[in-house]
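> what follows is a predicted protein model with its sequence.
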Amino acid sequence: MNRSAAPQPSVSRQPSLSPPARPAVESLRVYSAPLEGRRGLLRLDFNENTVGPSPQVVEAIRAIPADHYAIYPEYDGLRETVAASLSGGGGTLRPDQIGLFNGVDAAIHAVFQAYGGPGDRLLTTSPTFGYYTPCAQMQGMAIEAIPYRLPDFAFPFEAFEAALATAPPRLLLLCNPNNPTGTRLAPERILALAAAAPDTLVVVDELYEAFTGDSVMAPLLGAAGSGDPADPFAAHPNLLVLRSLSKTAGLAGLRIGFAIGPAALVDRISRVTGPYDINSFAVTAAFAALADQAYVDAYVAEVLRARDWLVERLQQAGVRHHIAGGNYLLIWPARDVHTVEAELRAAGILVRSMAGKPLIDGSLRVSLGSCDQMQQFWAAYRRIDLGSVA
Ligand SMILES: Cc1ncc(COP(=O)(O)O)c(C=O)c1O
């Protein structure tokens with residue numbers, strides 16, 4: 001058959017020829033981060049674990065027999081394992097208080113699908129993690145984002161208290177510590193906000209909690225005995241906490257995250273997911289990662305050492321920067337931010353420009369990795385932005 005003679009279908013179709021999506025979706029654009037071509041480079045652009053998962057994870061995945069690829073995933077025991085791992089020595093989480101998701105992104109999406117209707121309000125901070133906005137928009141929600149307080153990006157607590165007292169929103173989303181400002185909000189203050197708005201679903205995105213250790217769940221689990229010892233969420237029926245194995249355990253590519261909260265909330269957000277949304281590899285990896293907490297603890301300790309080292313260099317060199325919680329910091333280059341980002345890329349190092357983001361326009365967000373990796377970053381940064389030859 002002569003393929004070249006066949007009429008070629010037009011690649012770009014008129015949008016009007018296809019049935020339109022829901023109006024809220026028609027006005028959206030695909031949420032895509034610049035994620036291509038990153039392998040082989042030093043990736044300091046997405047706050048991932050920069051060294052990879054525990055060897056036990058790698059071994060567990062290698063041991064999956066090929067015929068298991070053909071079987072739908074099984075989740076038996078995973079909720080129990082997550083509950084035990086999160087409970088630590090404190091109070092007891094129940095398996096029905098753990099929701100399993102294809103990354104915390106999928107949990108966020110599910111929260112909006114289950115709770116956000118057209119005209120409902122999302123209250124959050126600005127700037128914060130970018131995925132909240134499209135999730136609210138696809139539900140036709142209105143977004144109110146209260147800016148962090150300059151000069152040090154403090155959490156605008158009084159403004160939130162006032163907003164909750166005046167008109168409680170459907171959803172309150174707090175990223176703690178916040179990506180990208182690192183801003184931390186004490187667990188007691190989060191609980192106070194949740195108590196002030198009992199009809200609002202309060203979601204605390206704790207993706208980077210391991211680097212600060214101040215989870216909102218700590219007082220709930222530690223308080224066993226002061227409330228219902230068997231149910232840390234008994235006094236907080238409107239609180240949901242998000243955790244992931246992406247940033248510390250090094251499973252970002254496998255996609256697995258958790259939503260932790262009252263069984264009724266976990267049940268509602270689990271209703272809007274498919275039965276097999278988390279794949280078998282992620283399940284196996286999660287079991288192995290949760291069994292090797294020592295690996296995660298050692299990685300977090302290394303990142304914190306690297307962070308102290310880098311901050312000292314930045315201070316000595318007089319580079320404007322901001323660092324608080326999380327495995328990342330903001331740096332304001334002396335030269336044009338896009339140029340510095342591009343030259344770092346040419347030197348094999350990826351960082352993320354925050355150009356156009358409210359309050360932090362002109363900065364670069366730099367993820368923190370190991371001490372060696374931070375030395376590599378600093379050598380390149382000094383040469384590129386500070387003109388240092390040494
Ligand atoms: C604040 C925040 N929440 C959620 C996510 C998504 O996490 P996951 O990889 O578990 O989907 C990220 C990833 O960058 C994040 O920074």
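The structure has been received and is ready for your questions. Numbers count the residues shown, from 1 in each chain.

> in the stretch 201-350 of the chain, where is pLDDT below threshold?
With pLDDT under 70 as the threshold, the stretch 201-350 of the chain has low-confidence stretches at 223-229.

> how deep is residue 271 tucked in, by neighbour count?
Neighbours of residue 271 under the rule other Cβ atoms under 10 Å: 10. For glycine as for every other residue, the C-beta is placed from the backbone atoms N, C-alpha and C.

> what bridges to the residue lying closest to residue 167 once chain neighbours are set aside?
Once flanking residues are discounted, residue 167 sits nearest to residue 121: 7.4 Å by Cβ to Cβ, 6 or more residues apart in numbering. Per DSSP bridges, the residues bridged to residue 121 are residue 142.

> all helices for the stretch 201-350 of the chain, in order.
Secondary structure of the stretch 201-350 of the chain (DSSP state H, counting those that start in this stretch): helices at 217-222, 263-270, 280-290, 293-317, 337-346.

> tell me the contacts of the residue nearest to residue 167?
Residue 121 sits next to 141, 142, 143, 144, 167, 169, 170, 171 when contact means Cβ atoms under 8 Å, 6 or more residues apart in numbering.

> hmm, 6 Å instead?
Residue 121 makes contacts with 142, 169, 170, as judged by Cβ atoms under 6 Å, 6 or more residues apart in numbering.

> any idea which of the residues you listed has the most stuff around it?
Result: residue 169 is most packed of the contacts of residue 121 (other Cβ under 10 Å), 22 neighbours.

> returning to what we had before: the ligand versus the residue nearest to residue 167, what's the distance?
Between residue 121 and the ligand the distance is 20 Å, computed by Cβ to the nearest ligand atom, to the nearest Å.

> before we move on, what about residue 257?
4 Å.

> ok, that residue - contacts?
Residue 257 makes contact with 101, 103, 104, 107, 244 under the criterion Cβ under 6 Å, 6+ apart.

> select from these every entry located in strands.
Filtering the contacts of residue 257 for membership in strands, criterion DSSP state E, returns 101, 244.

> of the contacts of residue 257, list those near the ligand.
103, 104, 244 (Cβ under 6 Å from any ligand atom).

> buried among these? Need that as a selection in PyMOL.
Here is the PyMOL selection string for the buried members of these, based on 16 or more other Cβ atoms under 10 Å:
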select buried, resi 103+104+244
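
> could I get the ones next to the ligand among the contacts of residue 257 as a markdown table with distance to residue 46?
As requested, those are exported to a markdown table (distance: Cβ to Cβ, whole Å):
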| residue | distance to residue 46 |
| --- | --- |
| 103 | 12 |
| 104 | 13 |
| 244 | 12 |
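
> would you tell me which residues of this protein are close to the ligand?
Listed as neighbours of the ligand in the chain under the rule Cβ under 6 Å from any ligand atom: 46-47, 103-105, 129, 175, 179, 205, 207, 244, 246, 252, 257.
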